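Peer 1: what would the 3D arrangement of this be:
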Amino acid sequence: MTGEALPGRPGTLTPEKEEKLREFWIATLQVFGVLDPKEVNGNGLAEIGNGRARTDTATSNKPEKEKKKKRMSLFRSKNKDDDTDSVTSTESSPHSAVADSDDKYGQTKEFHEALASLTPETLRATFWSMVKHDHPDSLLLRFLRARKWDVEKALVMMVSTMRWRSADVHVDDDIMKNGELSSLEAANGSDHSKRRLGEDFLAQMRLGKSFLHGVDKNGRPMCFVRVRLHKQGEQSEESLERYTVFVIESARMVLQPPVDTADYAPVKFMIKCFEANYPESLGVVLVHKAPWVFQGIWKIIKGWLDPVVASKVQFTNNVEEMEAYVPKPQIIHELGGAEDWTYKYIEPVPGENDIMKDTATRDKLLLAREEIVNEYEKATLEWIRGTGDVEVVKNNRNEIASKLKVDYWGLDPYIRARSYYDRVGMINPGGRVQFYPPKEEMAIVPETVPAGAEKIPPPVAATNGVNVETSEADLD
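Peer 2: Below is the predicted model:
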């Protein structure tokens, strides 16, 4: 890594940004049913309304009538039996805070639908499933940065993403749980629809339509998208979308990637993924040796993009221009660089996911993880309430976040099917990452039953034999 601490991340928050994070946690824990709105409005906590949350002292000098008016739940819907606000109502959610220009993917509607159709417990479970080995604060901060620190807009975006993950595409309970081997089994099965989906998915994996390999000058994982290999109509739209989500989620296992970039349907889906469901996950997009016809295509695509995302798209025409972003020894031969590496798909092997059949161990690990999650939420409530020594409480939250990170890798083999990146040695047991695994290590990773979470070494990333410490929070 460059060693440069990026702003708006855990450890680099200004007091103002930290207060925004605190507001976001208050709103989030209300949605999850962990924080009672009664406590927010009547027990010295911040009121939430119009994207604002303040301590009582912040409004102590204002007229009582104005203070009472501002002390509303974010969702502003009264229960018949008392005067508290309902967190699960969709009758008056913060739609006014989300202007049409900020809601091109209809996330306000999805927000309504999520609160109407999903229980607080489901939303909470989906959130913690998405966290994986990330710092929980980092995940919330991505939504805040994407929505320019507007808490209500960030909440709408996050809840919509939770619905998308759990109800629309089934990221964790299907795509990542079943993985490549499931597609191979479906491709060899008798169900025609499943066979076509499996064949289409594997065709893209075998082609290497996109793949992760190496890091750029800033230590960010690189995702290559070989547009020339995409032929419109060769694969179904469903398989294209499934493949796209699989690649992005696989990248999250080694940190979230920049994507090397146009049939408009898959491009639109990819854009929606990064803008709406994986916010603040792109470092830079390099479009290399684009044909002249792409100039017209780019004018159309650019109109779909958020200006911040569009500003990250850079065009390179030769190795020298690419060297501004990637060291020449790490530019693959295919692009005219010096690295002697070629994508070669390694097929999934029957039995590589057999550990997932041990549901008893999986359930024990999930229960243990739930205890750590409860511990983190309890510490977050202490931080929100301002009880105890502030620095001690903050340090405690970070220590528990580290426990969650290590704990995830003990659980990972039981809930995520092995992928190409496990088989080639990029992702290793315990969360150790090698972006340039030695060729002798590029073999099937044997099944490993991880020891207790406390014995699993923290994730380490390596580049060309040099260990570098990195975190999802390092990426822009």
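
Peer 1: quick one: mean pLDDT over the helix or strand hosting Asn374.
Peer 2: Per DSSP states H and E: Asn374 is located in helix 359-385. For helix 359-385, mean pLDDT rounds to 97.

Peer 1: and that helix, what does it pack against?
Peer 2: Contacts defined by 3 or more C-beta pairs under 8 Å, 6 or more residues apart in numbering; DSSP states H and E place helix 359-385 against helix 15-31, helix 390-415. C-betas here are computed from N, CA, C, even on glycine.

Peer 1: can you tell me how far His133 sits from Arg369?
Peer 2: Applying C-beta to C-beta, to the nearest Å, the value for His133 to Arg369 is 11 Å.

Peer 1: now do the shared contacts for those two.
Peer 2: Leu404, Tyr408 (C-beta atoms under 8 Å, 6 or more residues apart in numbering).

Peer 1: highest mean neighbour count out of the helices and strands packed on helix 359-385?
Peer 2: Sort the helices and strands packed on helix 359-385 by mean neighbour count, taking mean count of other C-beta atoms under 10 Å, and helix 15-31 sits at the top with a mean of 20.

Peer 1: what angle do it and helix 359-385 make?
Peer 2: Relative orientation of helix 15-31 and helix 359-385, computed by axes from the mean of the first three to the mean of the last three C-alpha atoms, to 10 degrees: 130 degrees.

Peer 1: relative to helix 390-415, how tilted is helix 15-31?
Peer 2: On the basis of the same axes, to 10 degrees, helix 15-31 is oriented at 50 degrees to helix 390-415.

Peer 1: what's helix 15-31 packed up against?
Peer 2: helix 37-42, strand 47-49, strand 52-54, helix 120-131, helix 136-146, helix 151-163, helix 359-385.

Peer 1: so Thr342 sits against Lys439, correct?
Peer 2: No: with contact defined as C-beta atoms under 8 Å, Thr342 and Lys439 do not form a contacting pair (11.7 Å).

Peer 1: could you point out the helix or strand that follows the helix or strand harbouring Met176?
Peer 2: Here Met176, judged by DSSP H and E, is contained in helix 176-187. Using DSSP H and E, the helix or strand that follows helix 176-187 in sequence is helix 192-207.

Peer 1: and that next one with helix 176-187, angle?
Peer 2: Using the same axes, to 10 degrees: helix 192-207 against helix 176-187 is 110 degrees.

Peer 1: hmm, who's touching helix 192-207?
Peer 2: Here helix 192-207 makes contact (C-beta under 8 Å, 6+ apart) with 180, 182-189, 210, 226, 229, 234-236, 238-240, 242-243, 246, 345, 420.

Peer 1: so where is this structure shaky, pLDDT-wise?
Peer 2: Applying pLDDT under 70 to the chain flags the ranges 1-5, 40-105, 255-283, 290-305, 440-476.

Peer 1: quick one, phi/psi of Gly214?
Peer 2: Backbone geometry at Gly214, expressed as degrees, to the nearest 10, gives phi 70, psi -180.

Peer 1: run a quick neighbour tally on it.
Peer 2: Neighbour count for Gly214, taken as other C-beta atoms under 10 Å: 22.

Peer 1: got it, and Val373?
Peer 2: Counted with other C-beta under 10 Å, Val373 comes out at 19.

Peer 1: for it, what are its contacts?
Peer 2: Contacts of Val373 by C-beta under 8 Å, 6+ apart are Trp128, Leu404.

Peer 1: what number of residues lie near Pro7?
Peer 2: 11.

Peer 1: Thr122 contacts Ser166, correct?
Peer 2: Yes: at 6.5 Å, Thr122 counts as touching Ser166 under the criterion of C-beta under 8 Å.

Peer 1: of those two, who's got more company?
Peer 2: In terms of neighbours (other C-beta under 10 Å), Ser166 is the more surrounded of Thr122 and Ser166; the figures are 21 against 16.

Peer 1: spatially, what comes nearest to the more buried one if we skip its sequence neighbours?
Peer 2: In space, and not counting its chain neighbours, Ser166 is closest to Thr126: 4.4 Å by C-beta to C-beta, 6 or more residues apart in numbering.

Peer 1: list the contacts for the one you found?
Peer 2: So Thr126 contacts Leu118, Met162, Arg165, Ser166, Asp172 (C-beta under 8 Å, 6+ apart).

Peer 1: hmm, the third one is touching Asp173, no?
Peer 2: No: with contact taken as C-beta under 8 Å, Arg165 and Asp173 are classed as non-touching, separated by 9.3 Å.

Peer 1: ok, those two, which is more surrounded?
Peer 2: A side-by-side neighbour count of Arg165 and Asp173, using other C-beta under 10 Å, places Arg165 first with 21 against 13.

Peer 1: so the more buried one versus Thr361, what's the distance?
Peer 2: Relative to Thr361, Arg165 is positioned 25 Å away (C-beta to C-beta).

Peer 1: Asp36: neighbouring residues, count only.
Peer 2: Asp36: 15 neighbours (other C-beta under 10 Å).
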